[in-house]
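[1] For reference, the sequence and a predicted model appear below.
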Amino acid sequence: MALNVGQDFKQRWLDAPDAVRQAFIDDLHRICDVLHPESDTQKWVAYDQQQQQQSEQKIEQAYVERKAQLIEEARIRRQQELERSLQEKRDEQAAYARQLQQDEQRQFNEQAQTLALIRRSLDNEIQTYTARYHKNPVNGTVSFDKTRLAISDHEILSELESVKLRLELEAESLIEQAVTVFRARLHSAAQEEIAFILKNSSLSEDKKQS
């Protein structure tokens with residue numbers, strides 16, 4: 001007699017819980033016992049019914065526990081996946097924050113370099129303006145105060161405004177002087193023109209009288 005255990009028996013047997021496999025083994029042992037010639041069939045049937053009930057309870061309990069175990073394992077996997085996802089997001093946020101910090105530092109360095117160039121340019125312009133409108137020392141030496149090299153933006157703007165105002169005042173003074181000289185020359189030319197006209201007119205009258 002061939003024992004039909006169905007398809008994929010090995011895989012199903014390996015996937016079954018230990019309690020289920022043990023219940024099947026116990027059933028097989030009871031079947032083997034009834035095959036002995038000295039076995040009492042009636043007693044075996046009553047005993048088998050009792051053992052089958054217990055086996056069914058054991059199998060049902062085993063699958064309940066197995067299901068609970070699978071659910072717990074799935075929950076743990078989901079929890080681990082969630083933790084990995086959260087950690088990846090934290091890593092991405094940290095990388096993004098580091099990138100922003102690097103960009104801000106780069107922009108700050110570029111702005112600092114630009115301000116340094118502007119400051120040097122303004123210093124050169126101030127020195128050029130001051131050298132143009134102030135007399136150089138007789139001995140030709142210039143003493144620089146190192147403490148004045150660190151000039152704040154406010155001081156630079158104030159100095160430029162002062163230079164601008166001084167230039168505007170000097171320009172207005174030069175314009176007024178030029179206007180005064182022009183008026184004087186114009187007045188002198190007008191006087192000369194009037195004298196010339198009067199002189200010529202008197203000469204013409206003398207000629208008429210003679």
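    Arrived safely. These figures come from a predicted structure and were not determined experimentally.
[2] Please enumerate the helices of this protein.
    Along the chain, counting by DSSP state H, helices occupy 9-15, 18-34, 41-133, 153-209.
[3] got any ranges where the chain has weak pLDDT?
    Scanning the chain for pLDDT under 70 picks out 1-6, 126, 129-153, 156, 201-210.
[4] what domains does the record give for it?
    For the chain, automatic domain parsing gives the domain ranges 12-119, 153-210.
[5] Which of the ones you listed sits closest to residue 127?
    domain 153-210 (10.7 Å; Cβ to Cβ). (Each C-beta comes from the backbone N, C-alpha and C, glycine too.)
[6] How far off centre is the closest one?
    Here domain 153-210 is found 65 Å from its chain centre; the criterion is Cα atoms, centre = their mean, to the nearest Å.
[7] repeat for stretch 111-124
    On Cα atoms, centre = their mean, the centre of stretch 111-124 falls 26 Å from the chain's centre.
[8] CA atoms only for it, dumped as CSV, please.
    Output of stretch 111-124 as CSV, limited to C-alpha atoms (Å, rounded to 0.1, in the frame of the first residue of the first chain):
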residue,chain,number,x,y,z
GLN,A,111,31.0,88.4,0.1
ALA,A,112,33.9,88.8,2.4
GLN,A,113,36.3,88.8,-0.6
THR,A,114,34.1,91.3,-2.4
LEU,A,115,33.9,93.6,0.6
ALA,A,116,37.6,93.4,1.0
LEU,A,117,38.1,94.4,-2.6
ILE,A,118,35.6,97.3,-2.3
ARG,A,119,37.3,98.4,0.9
ARG,A,120,40.7,98.4,-0.8
SER,A,121,39.3,100.3,-3.7
LEU,A,122,37.7,102.8,-1.4
ASP,A,123,40.9,103.2,0.6
ASN,A,124,42.8,103.9,-2.7
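[9] Which positions in it come out as buried?
    119, 122 (16 or more other Cβ atoms under 10 Å).
[10] tell me the centre residue of this protein?
    residue 100 (2.2 Å; Cα atoms, centre = their mean).
[11] So that one versus residue 7, what's the distance?
    Separation of residue 100 from residue 7 (Cβ to Cβ, to the nearest Å): 61 Å.
[12] Over to residue 166?
    For residue 166, the distance to residue 7 - Cβ to Cβ - is 106 Å.
[13] burial count for residue 21?
    Counted with other Cβ atoms under 10 Å, the neighbours of residue 21 add up to 14.
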